[in-house]
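Got a sequence here, can you model it:
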Amino acid sequence: MRWAIAGTLQLLAVWAVGAVYVRLCLDASDSLPYTPATEYWYLFVAVTAFGGAITGSVLVVRRQMKRHRVRTK
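Numbering: from 1, shown residues only. The predicted model follows:
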């Protein structure tokens, strides 16, 4: 059961890091004057944060499944 709690905490940590990344990038971009290129920057930040969170989630789930499988044998 502890592996499930550890996996859940790791998933939350991955998404929290993604949220911090978005917040820091958007704060940095808000300090710049608006240009049409700023919209592409916002899109880039969103895509990279979402991609990182999904990738991190998949890696955590695979790691937890592998650990759990090894313990049950």
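
got the buried residues for the lengthiest helix in the chain?
Longest helix in the chain, counting residues (DSSP state H): helix 36-72. For helix 36-72, the neighbour count (16 or more other C-beta atoms under 10 Å) marks 45, 49, 52-53, 56, 60, 64 as buried. C-beta: built from backbone N, CA, C; applies to glycine.

And for stretch 17-32?
In stretch 17-32, counting by 16+ other C-beta under 10 Å, buried: 18, 22, 25.

Verify the stated contact: the second one with Ala49.
By that I understand Val22. Yes. Using C-beta atoms under 8 Å, Val22 is in contact with Ala49, at 4.7 Å.

re earlier: among the buried residues of helix 36-72, which one lies nearest to Leu9?
Distance ranking of the buried residues of helix 36-72 against Leu9, using C-beta to C-beta, places Val60 first at 9.5 Å.

residues contacting the residue lying closest to Cys25 once chain neighbours are set aside?
Distances taken as C-beta to C-beta, 6 or more residues apart in numbering place Val45 nearest to Cys25, at 4.4 Å, with adjacent residues excluded. Remark: with contacts taken as C-beta atoms under 8 Å, 6 or more residues apart in numbering, Val45 is in contact with 21-22, 25-26, 29.

Just the ones in helices from those residues, please.
Using DSSP H, the contacts of Val45 in helices are 21-22, 25-26, 29.

With pLDDT and distance to Gln10 added, can I get these in TSV?
Formatted as TSV, the ones in helices among the contacts of Val45 follow (pLDDT from 0 to 100; distance: C-beta to C-beta, whole Å):
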residue	pLDDT	distance to Gln10
Tyr21	89	17
Val22	87	19
Cys25	86	23
Leu26	84	25
Ser29	80	29
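
Mind picking the two most distant members of the residues you listed?
The span of those, defined through C-beta to C-beta, is set by Tyr21 and Ser29 at 12.4 Å.

where's Phe44 relative to Leu32, distance?
14 Å (C-beta to C-beta, to the nearest Å).

My error: substitute Gln64 in the last question.
40 Å.

Same check on Gly51?
Counting by C-beta to C-beta - Gly51 and Leu32 are separated by 23 Å.

Return the residues in contact with Leu11.
57, 60-61.
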